[in-house]
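Trainee: Can you look at this prediction? I've put the sequence above it.
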Amino acid sequence: MSRIFRAVIMGPPGSGKGTISERIAHTFGLQHLSSGDFLRENIAARTEAGVLAKTYIEKGLLVPDHVMTRLLLPRLEEIARSSWLLDGFPRTLAQAQALNSACDLDVVISLNVPFETLKERLTHRWIHPASGRVYNMIFNPPHVKGLDDITGEPLIQHEDDKPEALVARLRHYKDVAKPVIDFYKSKGVLHTFSDTDTDHIWPHVSSLLGSKIPAPTPSVQPSP
Ligand code: G5P
């Protein structure tokens, strides 16, 4: 069996974490766990954590560390035998330290995208709530305006992509991310990618992971 590979992708709201994570999951077969999707599932299911998280997310604030670690760390234990990519967690130094006590990371990908680009992207983002499919009305529009390509159901905008919550989210990110970035830099696992365009970042991420992820051992040995 090949070795377990564990990666984190971090970056401000709208930096393309979700978009690049989907490409990584598809190309390298890593299990993709998104903290934002996990929270939205909990909100939809009206779990205790979900009800609490909703009050923070709607205001563009981070969900408290103890709620996040209590939700995410058990989920990571469940998939401990798989290689995974964690998207959106850790966000704070306390979360990074909690994750560090649970496991070692192989790679941390940090996306560095200018503030104006982020604002532009998020105000144009719409999603299909049932599947989590993400559209951008400019970059990646649906075939029919306002409707999901697969189901034809209506698309919605996240509460936290609406202008008031958005600016608060972007400002707050910078403050809390710095110590997390420093923490992973000191551990020698941080790789930063800077650009305004996901399609320019992706080949570099792909080549980094291609050089780090061990090729799976064939289950059947070729005959001599
Ligand atoms: P989320 O869901 O983790 P965010 O805010 O960190 O939310 P978000 O908004 O989902 O991250 P992303 O995943 O970085 O952004 O980016 P994306 O969805 O791939 O791309 C954004 C948009 O830009 C899309 O429409 C996409 O199509 C488009 N796009 C991508 N690339 C390009 C490009 O090259 N060009 C153009 N033009 N467009 C492009 O978390 C939500 C909330 O949950 C809480 C927080 O309250 C958070 O705000 N939360 C946590 N709280 C505490 N601790 C944690 N660990 C938390 N995790 C989540």
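Mentor: Alright, I've got the coordinates.
Trainee: need the longest helix for the protein.
Mentor: Secondary structure assigned by DSSP state H gives helix 163-187 as the longest helix of the chain.
Trainee: got a list of contacts for that helix?
Mentor: The set of residues external to helix 163-187 that reach it, using CB atoms under 8 Å, 6 or more residues apart in numbering, is 8, 10, 12-13, 58-62, 90-93, 95-97, 100, 105, 108, 110, 115, 118-119, 122-123, 159-160, 190, 192. Every C-beta, even on glycine, is put in place using the N, C-alpha and C of the backbone.
Trainee: which residues touch the residue most central in space within the chain?
Mentor: The C-alpha lying nearest the average C-alpha coordinate of the chain belongs to Asp87 (CA atoms, centre = their mean; 2.5 Å). Residues in contact with Asp87, defined by CB under 8 Å, 6+ apart, are Val8, Ile9, Lys17, Gly18, Ser21, His32, Leu33, Ser34, Ser35, Gly36.
Trainee: With neighbour count, distance to Thr196 and pLDDT added, can I get these in CSV?
Mentor: As requested, the contacts of Asp87 are exported to CSV (neighbours: other CB atoms under 10 Å; distance: CB to CB, whole Å; pLDDT from 0 to 100):
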residue, neighbour count, distance to Thr196, pLDDT
Val8, 24, 22, 98
Ile9, 25, 18, 98
Lys17, 23, 15, 95
Gly18, 19, 17, 92
Ser21, 23, 19, 96
His32, 17, 24, 95
Leu33, 20, 27, 96
Ser34, 20, 23, 95
Ser35, 20, 24, 95
Gly36, 18, 22, 90
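Trainee: Could you list which of those belong to helices?
Mentor: When these are checked against helices using DSSP H, the ones located there are Lys17, Gly18, Ser21, Ser35, Gly36.
Trainee: which among those gets closest to Thr151?
Mentor: Distance to Thr151, by CB to CB, is smallest for Gly18 among the ones in helices among the contacts of Asp87, at 19.1 Å.
Trainee: show me what contacts the closest one?
Mentor: Residues counted as contacts of Gly18 (CB under 8 Å, 6+ apart) are Ser34, Gly36, Asp87, Val134.
Trainee: Looking at the residues you listed, which two lie furthest apart in space?
Mentor: Asp87 and Val134 (12.3 Å).
Trainee: Please report how far Ile4 lies from Asn100.
Mentor: As for Ile4, its distance to Asn100 is 16 Å (criterion: CB to CB, to the nearest Å).
Trainee: and if you look at Asp160?
Mentor: As judged by CB to CB, Asp160 and Asn100 stand 27 Å apart.
Trainee: who's more crowded, these two?
Mentor: Summary of the neighbour comparison: Asp160 and Asn100, criterion other CB atoms under 10 Å, with Asp160 having more neighbours (19 against 14).
Trainee: Look at the more buried one and report its pLDDT.
Mentor: According to the prediction, Asp160 has pLDDT 74.
Trainee: so what's it up against?
Mentor: Applying CB under 8 Å, 6+ apart to Asp160 gives the contacts Pro13, Ile57, Glu58, Gly60, Leu166, Arg169.
Trainee: Next SSE downstream of the longest helix of the chain?
Mentor: Scanning the chain past helix 163-187 towards its C-terminal end, the next helix or strand to appear is strand 190-194 (assignment: DSSP states H and E).
Trainee: Tell me if the very next helix or strand once past that following strand is near the ligand.
Mentor: Heading C-terminal from strand 190-194, the first helix or strand you meet, by DSSP H and E, is helix 198-212. Yes - contact check for helix 198-212 against the ligand, using CB under 6 Å from any ligand atom: residues in range are Thr198, Asp199.
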